[in-house]
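Engineer: My questions are about this predicted structure, shown below with the sequence.
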Amino acid sequence: MSTTLVWFYLFTVLTAAMILLVPPNRIKEFLSFGLIGGGLIAIILQFLGVNVFELWKFNAALISINKIPLGILFAWIPPTIIFGHFAYKINSFLKVVIYIAGFALITSIITYGSVLLGYRSYLNWSPYLDFLLAFITHLGLTYYLIYQQKLKFV
C-alpha cells in the first residue's frame, strides 16, 4: 500500500461502510450534516491541531493543504453521516452517552492506528486526548441533532 494514498484509502473504506450501512435516502438526508459536521469540523480541528497548536503531524500525503492530507478531510464525512443515521434510534440519555463514547472510541482507535502505522505522529498529544476530543466532537454533533429535532430522547 502506498503511504501517500492511505488517507484516500481510508476515505474509500469509510464511504463503502456508509453505503452498506445507510440507505440512500438517509445519506441524502444527512449529507449536509456530514459535510458540515464532518468536513468543516475536520478542517477546523486539523488546522488547529497541525498548524496552530502543533499537537500532531501527518507523515504521508498525496495532496496536502497546510500540511493536512486532503483525504483525511474527506474521510470524516462518511462516519459523520453514519453517526447521524443511527442516532435516530436512541431514546434515552444513557444510550446517548454510550453511543457517543462508542463512536469516540472507534475514532480514537482508528487515529491511534494511523500513529502506530507511521502515517501520523503525536507531537504534544496522546490517544487519551484523541478520545476526549472525539467525545467532545460527537457530543457537539449530538447536540446539533437534538437542536434540529432529528434526535428526540428528552
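Structural biologist: Good, I have the coordinates.

Engineer: what sits against residue 12?
Structural biologist: Residues near residue 12 by C-beta atoms under 8 Å, 6 or more residues apart in numbering: none. No exception for glycine: its C-beta is placed from N, CA and C like everyone else's.

Engineer: In the helix or strand hosting it, which residues are buried?
Structural biologist: According to DSSP states H and E, residue 12 maps onto helix 6-21. Of the residues in helix 6-21, 6, 7, 8, 10, 11, 14, 15, 18 count as buried by neighbour count, 16 or more other C-beta atoms under 10 Å.

Engineer: any idea how far it is from the chain center?
Structural biologist: Relative to its parent chain, helix 6-21 has a centroid offset of 12 Å by C-alpha atoms, centre = their mean, to the nearest Å.

Engineer: will you turn the buried residues of helix 6-21 into CSV that also has pLDDT and distance to residue 110?
Structural biologist: Formatted as CSV, the buried residues of helix 6-21 follow (pLDDT from 0 to 100; distance: C-beta to C-beta, whole Å):
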residue, pLDDT, distance to residue 110
6, 92, 12
7, 92, 12
8, 93, 15
10, 95, 8
11, 96, 12
14, 97, 9
15, 98, 14
18, 98, 14
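
Engineer: In the residues you listed, find the pair that's most separated.
Structural biologist: 6 and 18 (18.6 Å; C-beta to C-beta).

Engineer: Surely residue 7 and residue 65 touch.
Structural biologist: No. Applying C-beta atoms under 8 Å, one finds residue 7 not in contact with residue 65, separated by 11.8 Å.

Engineer: For the next helix or strand along the chain from the helix holding residue 12, C-alpha coordinates in PDB please.
Structural biologist: Next along the chain after helix 6-21, taking DSSP H and E as the criterion, comes helix 24-34. C-alpha atoms of helix 24-34 as PDB (Å, rounded to 0.1, in the frame of the first residue of the first chain):
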ATOM      1  CA  PRO A  24     -29.500   6.200   0.000                       C
ATOM      2  CA  ASN A  25     -32.400   8.400   1.200                       C
ATOM      3  CA  ARG A  26     -30.800   8.700   4.600                       C
ATOM      4  CA  ILE A  27     -27.400   9.500   3.000                       C
ATOM      5  CA  LYS A  28     -29.100  12.300   1.100                       C
ATOM      6  CA  GLU A  29     -30.900  13.500   4.300                       C
ATOM      7  CA  PHE A  30     -27.600  13.600   6.300                       C
ATOM      8  CA  LEU A  31     -25.300  14.800   3.500                       C
ATOM      9  CA  SER A  32     -25.200  18.500   4.700                       C
ATOM     10  CA  PHE A  33     -24.700  17.200   8.300                       C
ATOM     11  CA  GLY A  34     -21.800  15.100   7.100                       C
END
